[in-house]
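*Asks:* Could you work out the structure for the sequence below:
(2 chains)
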There are 2 protein chains.
Amino acid sequence: MEKFERNIYLSNVELNEAKKLFFNEIKESLKFKRTEIVSVYDSLDRITAKPVFAKISSPFFNASAMDGIAVISKKTYGADERSPKRLKINEDFMYIDTGDVIKDPYDAVIMIEDVIPIDDETVEIIKAASPWQHVRPTGEDIVASEMIIPSYHKVTPVDIGAMLSGGILEIEVVRRPKVGIIPTGTEIIEPEDEIAPGKIIDSNSRMFEAMVKNYGGIPLRYKPVSDDYNLIRDKILQAIDENDIVIVNAGSSAGSEDYTSKIINEIGKLIVHGVAIKPGKPAILGNIKGKPIIGIPGYPVSAYIVFEAFVKPLMYEYQAIKETVPIRVEGVLSKRIMSSLKHLEYVRMKLGKVAGKLIATPLNRGAGVTMSLVKADGIAKIPKNVEGIEAGEVIEIELIKDIESINNTIVSIGSHDLIMDIIANMIHERYTDINLSSAHVGSLGGIMAIRRGEAHIAPIHLLDEGTGTYNIEYIKKYLKNKEVSLIKGVKRVQGLMVKKNNPKNITTIKDLTREDVVFVNRQKGSGTRILLDYKLKELNIDSSDIRGYDREMTTHMTVASAVLSETADVGLGILSSAQAMGLDFIPIGEEEYDFAIPSEFLEDEKVKKFIDILKSDDFAEKLMELGGYKIQKSGKIVRINN
Amino acid sequence: MEKFERNIYLSNVELNEAKKLFFNEIKESLKFKRTEIVSVYDSLDRITAKPVFAKISSPFFNASAMDGIAVISKKTYGADERSPKRLKINEDFMYIDTGDVIKDPYDAVIMIEDVIPIDDETVEIIKAASPWQHVRPTGEDIVASEMIIPSYHKVTPVDIGAMLSGGILEIEVVRRPKVGIIPTGTEIIEPEDEIAPGKIIDSNSRMFEAMVKNYGGIPLRYKPVSDDYNLIRDKILQAIDENDIVIVNAGSSAGSEDYTSKIINEIGKLIVHGVAIKPGKPAILGNIKGKPIIGIPGYPVSAYIVFEAFVKPLMYEYQAIKETVPIRVEGVLSKRIMSSLKHLEYVRMKLGKVAGKLIATPLNRGAGVTMSLVKADGIAKIPKNVEGIEAGEVIEIELIKDIESINNTIVSIGSHDLIMDIIANMIHERYTDINLSSAHVGSLGGIMAIRRGEAHIAPIHLLDEGTGTYNIEYIKKYLKNKEVSLIKGVKRVQGLMVKKNNPKNITTIKDLTREDVVFVNRQKGSGTRILLDYKLKELNIDSSDIRGYDREMTTHMTVASAVLSETADVGLGILSSAQAMGLDFIPIGEEEYDFAIPSEFLEDEKVKKFIDILKSDDFAEKLMELGGYKIQKSGKIVRINN
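*Replies:* You can find the predicted model right below:
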């Protein structure tokens, strides 16, 4: 592997410019819409290629609009309450139901309610009928030759009904674009294969398949192709023949496996390599045999963003679908965002409505963090040339979830515990319209979020050195100007998490200072860190004697994960995390994990349901199953600053 | 057919009450969600039945986040610009690409941009590496045992990617509800069958199929069943066995074919028969063997509304999907609505934004008028106990189309002509984001709409008796306080439309007074009516001598349709309508069909495009094809009141 083989990106083209260059280059292939004939029965959500004109009128005949009798209007003239008229069956009238044909010589309908039966053959009426009253004339709904729906219209269920009533059985629609998806990379394995270090599960191509379906196309996924120039080139040539649009995934970084841009250059035209967006900058845009080809970076978030930025508009253009403008909302930024001056950056945001304000919290910015997309409620686009945005500023966010579900979300910011996932799930199962979103910033971070009015609740476990009690002293100290209560949560065991069978024989906090022991720490302000520092003080241990004291993780699970993957020997955390990762656990003490809450929110219906869950038997049972927890007055309200 | 067989509705239950009674009765069948296992690949849009927890971490190993070299951090300490350090390949460093495994003893990555190659085996660095820099730790994205998505969550493409990365191949989802659809009625034919008077094409069941698919269910449509008690009962029993929800269409009016309610009463429980909504009041709600059955009226608009009101929420409850609140907007009512005191009424509305105001025009109120749904942008729900709403009042409308496409619509109110459909289609084909909506209220109605500020343009053809000229005098007279222009449209031929081969030998206006001739008229204020009255005056004919002079239709096509269906012998109209209906045509004169427009709208981008179409060769060609039209300065602007 030689250094000089590496590519240098051709450019750092701005998004809109890149799109323009790309669409301009392939405009011939987009100009004429390819069409096909489909049965109206199967036309739901298809895009019409031609206007649809009715072949027949509906109703097809003059029909009764009522249950009643058909009459000859002339013969009813003069009838009123004082001088009723009698009519003879099959001579002056006939019984009819709604929808029946009005036949000669009848020309009007009298409702059954206005008909007085005299005998089997005679009725009496007390009001004249005007000609064509209660008759649905031919073509009342649809007149033959009338346009039912125009071109480039997405067919709805109602349209299907109208077309069939208008005598239409088949229509010409725009063909769904076929999108070929080629995963590349020698390290790529299928989800069914055994995972091993160095291997990456191909999940992007399946995400693409689903996105293609969502945007009206037909995905054709190929098996992953190894990093071999000829293999990739052959697959691209095949895919170009078999599809309307081709996507090549990965192989678009400047890494040594990057062949896509070279292949496009060889067999087609490379239009853009490198777009000024982040994540997603290594995107490649090309044209092979008049068909668009897009090289998409391998990181899942980059993959998603590049697909949305280029493949979606391409698919829409292909189908003559107008892109709907995303719904935009304004939110108060809860945490400073630093941004690059060189790129338009897409920051995934978690949103929550707290006391009438929409609070926007940036999620993990890593291009590899799929979960930031799974959890995102919206995306903020930070323009190029903006260096950063301060906490408290109002920013615009494009929604990807609906605003109603955001408004129905309990916003929890604070310490991390597995039970937050469990409560989130229990609450959503019981009350489908309510969600619980948890941001993990540590206990003190949670207290600060409450102070800034950005969270409904803050899960905390903060030991006060002076009193030896949990949580209450911190609320008194940091939230003194606010009416705040504590919702009692659970007791839980903290301990040292070590590798299975404890190979380094770690048994006490003192062992952390051993030369052969590498520790992994939690971030400052987390309850676990405060507990550790409290214990170190108690034992008179200098933190600089602990190797790894400076390496900080933000959740129990990432600490456990560091121990499991052997980048550390030991970390402090909770039993459930150790168990989840198959680690051994040495208990060092019990702590109280509760919820700080502004007292005003105790009246919030969502919060009441949260408390109901804490008090429920189901919750107690779940904790028993997990181990390491104790229910103790869970759900009880303790008023503090009131 | 005997009168005493008819049913009387059991009740006129209010919508919410009916829903409550119904859902309460069948709650057992909704309580436990039926589930199934699906491959994650096929899980798009499915609803999770259980939370999904990751089985493995992603990344599965400590991976390089950069292209560059893996180093042992300790060995880099002390490197700076003044004292660079040299590293030996395979001893102090190795080349790696993004995503490669960081293996022992390496614990950090230096970006390739910061590496100075000395020779094939040596590099120089000028900055120390801190431990684990540029390394994606195991579980950075997903930590094993972490919850990826909760229960009752609709799976997105991104979720699919995250689940596969978390080692999940299959998930448990809520089963799609199977919805059985039984069309009934002896008069019902399949769309493929030959239409004849008295026959009705079954279009509702196909609309239902599409609605079921839209709401996540699996439709099972049965062939239409004749009005036979035993046949319908057997089909219902079969459908109840084969489905989760059963719909019986038609047979729910008080007509003599109404068996559905009797059958439910016999083999299950009839809960509600008659709901206080309009259209849709004959709805039937029942329970057979614990499964919900809904009798839906036959008129297409009633059918749609009853499905939306009962079947959709039922399907959503079945799948634990929360119904999204429809988007509501406020519009200015352009036309008085009279409403029933006994029912909640659903009025279909056409919306358009004119000079910043959202104008809401009620569409045809008939339960049989499918096209009112096809054309509707939204629905206004007029509460029970409200007798009417005056023009100019602000009303709330639930959107069924997106507001953006409404904002991009040119609102035309005025005279009807086939060319309006043609222009609508040409404009939408050329500029997919622009629509033209036409309301047909006659020429004078159009002038009034312009006066009230409710339309962008008003197509008119108004002959001034004094000057013998078209349109300009009317604008001067009725719009004198407004700056208004005229966009020249087309010349078109008006004439008498008579049956094929003119069996009554009608040749002049004078023939309308013949004893054996029945005429069908246009409404007052329409240009055609004004033309007729002008001709009658010229010829000294008394309108009371014309049979049918009082029967008014609102479009050329409905007049032509009346002649075709033999409820009249002759009507006045345009050549294109006569041709569309296969009628003979006797020309009586040429008129000018132009567009009145407030001058301010001439600057509107949408209107400019409308004018471009009028001026285009494509448009001229289309008119040639149609016949009966002449282009004459089409698209030219004539300023009038300025």
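*Asks:* how about the worst-scoring helix or strand of chain A on mean pLDDT: buried residues?
*Replies:* Every helix and strand in chain A was compared by mean pLDDT, DSSP states H and E; the lowest is helix A:27-31, with a mean of 81. Residues of helix A:27-31 classed as buried: A:29-30 (neighbour count, 16 or more other C-beta atoms under 10 Å in any protein chain shown). Just so you know, the C-beta spots here come from the backbone N, C-alpha and C atoms, and that holds for glycine as well.
*Asks:* Distance check, the most far-flung residue of chain A relative to its centre against residue A:121.
*Replies:* Going by C-alpha atoms, centre = their mean, the residue of chain A most distant from its centre is residue A:83, 71.3 Å out. Distance check for residue A:83 against residue A:121: by C-beta to C-beta, to the nearest Å, it reads 21 Å.
*Asks:* Those residues of the stretch 351-500 of chain A touching chain B, which are they?
*Replies:* A:366, A:368-371, A:373-374, A:402, A:404-405, A:418, A:421, A:424-425, A:428-429, A:432-433, A:435 (C-beta under 8 Å from any C-beta of the partner chain).
*Asks:* Quick one: buried ones out of those residues?
*Replies:* In those, the ones that pass as buried (16+ other C-beta under 10 Å) are A:366, A:368-371, A:373-374, A:418, A:421, A:424-425, A:428-429, A:432, A:435.
*Asks:* So which of those residues belong to strands?
*Replies:* residue A:435 (DSSP state E).
*Asks:* circling back to that earlier point, need the residues that contact the least confident helix or strand of chain A.
*Replies:* Helix A:27-31 is contacted from outside by A:23, A:244, A:290-292, A:314, A:317-318, using C-beta atoms under 8 Å, 6 or more residues apart in numbering or on different chains.
*Asks:* follow-up on the earlier one: so of the residues of the stretch 351-500 of chain A next to chain B, which ones are in helices?
*Replies:* Among those, the ones falling in helices (DSSP state H) are A:370-371, A:373-374, A:404-405, A:418, A:421, A:424-425, A:428-429.
*Asks:* Kindly indicate which of those residues lies nearest residue A:631.
*Replies:* Closest approach to residue A:631 among these (C-beta to C-beta): residue A:418, at 15.2 Å.
*Asks:* The closest one reaches residue A:577, doesn't it?
*Replies:* Yes - using C-beta atoms under 8 Å, residue A:418 is in contact with residue A:577, at 6.7 Å.
*Asks:* what's the overlap in contacts for these two?
*Replies:* Overlap of the contact sets of residue A:418 and residue A:577 (by C-beta under 8 Å, 6+ apart) consists of A:556-557.
*Asks:* what about residue A:595, distance to chain B?
*Replies:* Computed as C-beta to the nearest C-beta, to the nearest Å, the residue A:595 to chain B distance reads 19 Å.
*Asks:* ok, now which ones touch residue A:136?
*Replies:* Counted by C-beta under 8 Å, 6+ apart, residue A:136 has contacts A:59, A:62-65, B:366, B:368.
*Asks:* Who is it paired with across the strands?
*Replies:* Taking DSSP bridges, one obtains residue A:63 as the residues bridged to residue A:136.
*Asks:* of the contacts of residue A:136, closest to residue B:300?
*Replies:* Closest approach between those and residue B:300, by C-beta to C-beta: residue B:368, at 6.6 Å.
*Asks:* next one: phi and psi at the residue nearest to the closest one when sequence neighbours are not counted?
*Replies:* Leaving aside its chain neighbours, residue B:368 sits nearest to residue B:299 (4.8 Å; criterion: C-beta to C-beta, 6 or more residues apart in numbering or on different chains). Torsion angles at residue B:299 (phi, psi; degrees, to the nearest 10) stand at phi -60, psi 130.
*Asks:* again, but for residue A:237
*Replies:* According to degrees, to the nearest 10, residue A:237 has phi -60, psi -40.
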